[in-house]
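Asker: Give me a model of this one.
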Amino acid sequence: STNGTLSINTNSDALKIGTHNDLQFFVDETSLDIISPAIIAAGRQDAKLDIQVNNSVDGLVSLITLDGVSERVGIKNRDPQYDLDVTGDVRISGDLVVIGNSKTISVNSLTVENIVIDLAWPPGALGDGDISGGGIVLHGTGPHVWIYNNPTQAWQTTDNIWLSDSSKVIRIGANDVIST
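Answerer: Next up, the predicted model:
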């Protein structure tokens, strides 16, 4: 048994070992095999593979963790709790499609570029009876609600409606029903 560090520097773009560029190495008695140019396979089912880099501020840091037991991936997160668990900012240049039963956005501020927020999308996927009770709830000392009620075919609110400009009115059809 030998302790220490082995460093191999090459003048080429890659280190090549083996007659067909096949490579096997061990980390803490776990075999890691490169079985093709794009696949790294761990020899133990409970293996956790960390891809680490050395930076000038923190030293050696884990950038990507592959957890064989939980079958999860962590990015800047050594203990991923979700299939993909990212610590830090994420930028997606392109579309993001999320399919599931629950979507949670937990932020202090949400900015939407579009001028319309669509609820119960896509149109026609739900009937009017299914969307009854849908709307917006703003939580404070008590809930402030703006909810659609299908049986009455009306929006309901728990709060007053204030028209801040006295020239504004509430209309039914073309008729002003409330004005100053």
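
Asker: From now on I want contacts and neighbour counts done on CA atoms only, so please keep to that.
Answerer: Fine.

Asker: Distance from the chain centre to stretch 89-109, please.
Answerer: Offset of stretch 89-109 from its chain centre (CA atoms, centre = their mean, to the nearest Å): 5 Å.

Asker: how long is that stretch end to end?
Answerer: 15 Å (CA to CA, to the nearest Å).

Asker: got it, and stretch 141-160?
Answerer: End-to-end distance of stretch 141-160 (CA to CA): 16 Å.

Asker: what's the answer for stretch 129-136, then?
Answerer: First residue to last in stretch 129-136 (CA to CA) measures 17 Å.

Asker: residues of it that come out buried?
Answerer: 132, 135 (16 or more other CA atoms under 10 Å).

Asker: Equivalent analysis for stretch 81-97, please.
Answerer: Neighbour-count burial for stretch 81-97, with 16+ other CA under 10 Å as criterion, is recorded at 85, 86.

Asker: mean confidence score for it?
Answerer: Averaged across stretch 81-97, the pLDDT comes to 92.

Asker: just stretch 61-76 next, same as before
Answerer: Mean per-residue pLDDT for stretch 61-76: 89.

Asker: Relative to residue 80, how far out is residue 154?
Answerer: Counting by CA to CA, the gap from residue 154 to residue 80 is 45 Å.

Asker: Looking at these two, which is more packed in?
Answerer: residue 80 (20 against 11; other CA atoms under 10 Å).

Asker: My read is that the more buried one contacts residue 68, right?
Answerer: No: Residue 80 lies out of contact with residue 68 (CA atoms under 8 Å); the separation is 11.2 Å.

Asker: quick one: common contacting residues for the two?
Answerer: Taking CA atoms under 8 Å, 6 or more residues apart in numbering as the contact rule, residue 80 and residue 68 touch no residue in common.

Asker: can you give me the strands for the protein?
Answerer: 23-27, 30-36, 39-42, 48-55, 59-67, 72-75, 84-86, 135-139, 143-149, 154-157, 170-172, 175-178 (DSSP state E).

Asker: Least reliable of those strands by average pLDDT, please.
Answerer: When these are compared on mean pLDDT, strand 23-27 scores lowest, with a mean of 52.
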